[in-house]
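Q: what would the 3D arrangement of this be:
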Amino acid sequence: MTLPKYAYFKGQIVPYSQAKVGILTHGFNYGTAVFAGLRAYWNDEQEQLYLFRPRDHFQRFLNSAKIMCMEFDHDPESLTGITLELLRREAYRRDVYVRPLAYKEDEIVGVKLHDLVDEISIAALPFDSYVANDTNAHVTFSSWRRLDDNMIPARGKVSGAYANSALIKTDAVKSGFDEALVLTQDGHVSEGSAMNIFMVRNGTLVTPTITENILEGITRRTAMELAREELGVQIVERPIDRTEIYMSDELFMTGTAAQLVAITRVDHREIGSGEMGPIATQLRELYQQVVRGKLAKYSHWNTPVYIS
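A: Sure thing, here's the model as predicted:
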């Protein structure tokens with residue numbers, strides 16, 4: 001992995017090598033941090049880098065921070081501005097992943113959220129594929145369960161909560177699968193280790209409701225709007241049972257890092273024809289056009305990095 005040259009750290013852009021925290025930092029020890037993940041996409045024809053839906057991402061980021069009793073003077077617009085300046089300093093001419101982090105910076109021992117100093121950092125690095133087998137993924141149902149909202153809220157990207165995601169992912173990969181699906185405590189399908197899930201049944205696109213302990217994904221929202229507006233597909237948000245997944249016609253996952261991953265087998269059972277289906281295929285193509293600034297209808301989602 002190629003590390004960045006710069007980072008936003010303690011209120012200014014500094015060389016990445018200077019963006020360091022002490023080993024007793026509260027967020028590092030107790031997981032009292034929240035993060036976001038944004039992507040910027042390079043358009044070679046236009047020689048432009050587009051930051052995708054930054055204000056939506058930063059609004060969710062600040063909402064996550066609020067859950068963890070963090071307060072900042074920033075709003076989505078100011079954080080977008082900092083990110084644009086950081087990307088210009090890096091001068092990337094390729095696809096990029098942006099990682100904002102809000103954390104409790106005090107170097108103390110003691111579990112709490114109050115009376116601590118809150119800080120924000122942002123870094124950006126070159127990024128390609130998150131799931132290598134993204135058109136033909138083979139997944140399993142995890143034996144782990146998704147964290148409940150009254151434990152650690154899944155709708156807030158709380159750093160400590162991702163131990164749950166790591167356990168789910170690692171067990172799946174070590175068992176020979178590309179990814180895993182995880183159930184709620186009630187036995188309904190929640191999402192993947194760190195991706196939202198969609199299934200197609202009888203021409204309808206079905207996805208779990210936001211009350212199934214899912215992350216309220218920006219890519220999820222994007223896929224739903226594109227499916228509705230461009231493909232004319234009916235979308236239903238409702239609880240999904242495990243065996244419905246086995247009987248689905250198509251299955252795919254969405255996420256900022258992963259984008260859109262087609263699932264063709266679950267627990268050694270073929271999904272539909274056993275190949276990526278037509279809705280997933282069309283959505284993948286549409287998504288790439290949108291994020292690279294090639295569809296004017298959705299240009300409001302794209303913020304150009306470089307000013308001519």
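Q: which SSE is Leu125 in?
A: strand 118-126 (DSSP states H and E).
Q: counting contacts, what elements does the next helix or strand after that strand pack onto?
A: Remark: after strand 118-126, the chain's next helix or strand is strand 137-145, criterion DSSP H and E. With contacts taken as 3 or more CB pairs under 8 Å, 6 or more residues apart in numbering; DSSP states H and E, strand 137-145 sits against helix 162-174, strand 179-183, strand 259-266. From N, CA and C alone the C-beta is placed, and that goes for glycine too.
Q: partners of the last one, with directions?
A: I take that to be strand 259-266. Partners of strand 259-266 in the sheet, by DSSP bridges, are strand 137-145 (parallel), strand 250-255 (antiparallel), strand 269-270 (antiparallel).
Q: and the contacts of the first one?
A: Counting by CB atoms under 8 Å, 6 or more residues apart in numbering, strand 137-145 makes contact with 131, 164, 167-168, 171-172, 175, 177-185, 192-193, 242, 253, 261-268, all of which sit outside it.
Q: make a PyMOL selection of the buried ones in the residues you listed.
A: To isolate the buried ones among the contacts of strand 137-145 in PyMOL, judged by 16 or more other CB atoms under 10 Å, type:
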select buried, resi 131+164+167+168+171+172+177+178+179+180+181+182+183+184+192+193+253+261+262+263+264+265+266
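Q: thinking again about what came up before, just put the helices and strands packed on strand 137-145 in a markdown table and tack on distance to Gly156 and mean pLDDT.
A: Shown next, in a markdown table, are the helices and strands packed on strand 137-145 (distance: least, CB to CB, whole Å; pLDDT from 0 to 100):
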| stretch | distance to Gly156 | mean pLDDT |
| --- | --- | --- |
| helix 162-174 | 11 | 97 |
| strand 179-183 | 17 | 98 |
| strand 259-266 | 22 | 97 |
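Q: and Ser248, which of these is closest to it?
A: The closest of those to Ser248 is strand 259-266. By CB to CB, the value is 8.6 Å.
Q: orientation of that closest one relative to strand 179-183 in degrees?
A: Angle between the axes of strand 259-266 and strand 179-183 is 80 degrees (criterion: axes from the mean of the first three to the mean of the last three CA atoms, to 10 degrees).
Q: contacts for stretch 289-298 next, please.
A: Contacts of stretch 289-298 (CB under 8 Å, 6+ apart): 39, 41-43, 46, 48, 50, 52, 222, 226, 286, 299, 301-302, 304.
Q: between the two ends of it, how far is it?
A: 10 Å (CA to CA, to the nearest Å).
Q: show me what counts as buried in that stretch.
A: Going by neighbour count (16+ other CB under 10 Å), the buried part of stretch 289-298 is 290-295, 298.
Q: and what of stretch 107-127?
A: For stretch 107-127, by 16+ other CB under 10 Å, it's 116, 118-127.
Q: before we move on, what about stretch 131-150?
A: Across stretch 131-150, burial judged by 16+ other CB under 10 Å covers 131, 134-135, 137-142, 144-147.
Q: most widely separated two among those?
A: Greatest spacing in the buried residues of stretch 131-150, by CB to CB: Thr135 and Leu147 (29.6 Å).
Q: residue ranges for the helices of the chain, please.
A: Per DSSP state H, the chain carries helices over the ranges 26-30, 54-67, 76-90, 162-174, 218-230, 242-246, 278-291.
Q: between the strands paired with strand 259-266, which one is closest to Thr281.
A: The nearest among these, by CB to CB, is strand 250-255 at 9.2 Å.
Q: what is the orientation angle of the closest one with helix 278-291?
A: Orientation note: strand 250-255 sits at an angle of 30 degrees relative to helix 278-291 (the same axes, to 10 degrees).
Q: centre of the chain to strand 250-255, how far?
A: Its chain's C-alpha centre lies 13 Å from the corresponding centre of strand 250-255 when counted by CA atoms, centre = their mean, to the nearest Å.
Q: same thing with stretch 78-93?
A: 19 Å.
Q: report the buried residues of that stretch.
A: Judged by neighbour count using 16+ other CB under 10 Å, the buried positions of stretch 78-93 are 79-80, 82-84, 86-87, 90, 92.
Q: nearest to Ser159 among the residues you listed?
A: Using CB to CB, these come closest to Ser159 at Leu79, 17.7 Å.
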